[in-house]
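After the sequence you'll find the predicted model.
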Amino acid sequence: MSLEKIHENGHTYFRLYIRCPVCLDRGNKDVPVRYWTHYDNNCHGDIYIGDDANFKCDKCGCVSHVENWKYSCPDHSGSSDEFVGASAAALAEAVSTAGQLVQEAGLDWLQKVLENLKRRGACGTR
């Protein structure tokens with residue numbers, strides 16, 4: 001299975017396929033790897049992660065630094081409307097331990113993502 005990718009503005013984005021970073025923050029390491037969907041304004045687009053540490057929605061085009069986003073998953077959310085932020089450390093763990101993502105994207109791509117986790121973006125959606 002190959003992950004979908006987008007090349008845009010000098011950056012490479014791969015479809016987001018990671019464990020929930022909120023669950024990792026809470027010590028739950030046994031959550032499954034899953035694809036992520038953009039639910040802001042009922043968008044329902046697929047989320048991609050770029051080497052610039054931005055998430056990009058393939059439907060509405062929203063692009064924002066990963067630390068601006070919030071997450072909802074069946075393992076930590078009491079309802080589908082509960083979105084929670086995650087720490088930079090949990091995001092780094094989720095991305096760096098996503099075997100298929102790292103295998104397809106490569107270590108250079110991963111290193112760029114981790115370096116870019118240090119800066120913050122603006123869109124502020126989930």
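Done, it's in.

Number of residues surrounding residue 92?
18 (other C-beta atoms under 10 Å). Using the backbone N, CA and C atoms, a C-beta is placed for each residue, glycine as well.

my guess is it meets residue 111, correct?
No: in this structure, residue 92 is not within contact of residue 111 by C-beta atoms under 8 Å, at 11.3 Å.

so where do the helices sit in this structure?
Using DSSP state H, the helices of the chain run over residues 21-25, 88-96, 99-105, 107-116.

tell me which residues of the second one are tucked away?
When you say that, I think you mean helix 88-96. For helix 88-96, a neighbour-count test (16 or more other C-beta atoms under 10 Å) marks 90, 91, 92, 93, 94, 95, 96 as buried.

can you list the residues that contact that helix?
18-22, 24-25, 49, 66-67, 86, 101-102, 110, 113-114, 117-118 (C-beta atoms under 8 Å, 6 or more residues apart in numbering).

Any buried residues in stretch 111-119, and which?
For stretch 111-119, by 16+ other C-beta under 10 Å, it's 112, 113, 114, 116, 117.

Can I get the residues you listed in JSON lines including distance to residue 71?
Below are the buried residues of stretch 111-119 laid out as JSON lines (distance: C-beta to C-beta, whole Å):
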{"residue": "112", "distance to residue 71": "22"}
{"residue": "113", "distance to residue 71": "17"}
{"residue": "114", "distance to residue 71": "19"}
{"residue": "116", "distance to residue 71": "19"}
{"residue": "117", "distance to residue 71": "16"}
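
Just send those back as CSV, with pLDDT and distance to residue 40 too.
What follows is the buried residues of stretch 111-119, written out as CSV (pLDDT from 0 to 100; distance: C-beta to C-beta, whole Å):
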residue, pLDDT, distance to residue 40
112, 89, 25
113, 86, 22
114, 83, 25
116, 86, 22
117, 78, 21
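
What's the separation between residue 29 and residue 65?
Distance of residue 29 to residue 65, given as C-beta to C-beta, to the nearest Å: 25 Å.

What count of nearby residues applies to residue 85?
Residue 85 - counted by other C-beta under 10 Å - has 15 other residues nearby.

Tell me which of residue 29 and residue 65 has more neighbours.
In terms of neighbours (other C-beta under 10 Å), residue 65 is the more surrounded of residue 29 and residue 65; the figures are 19 against 10.
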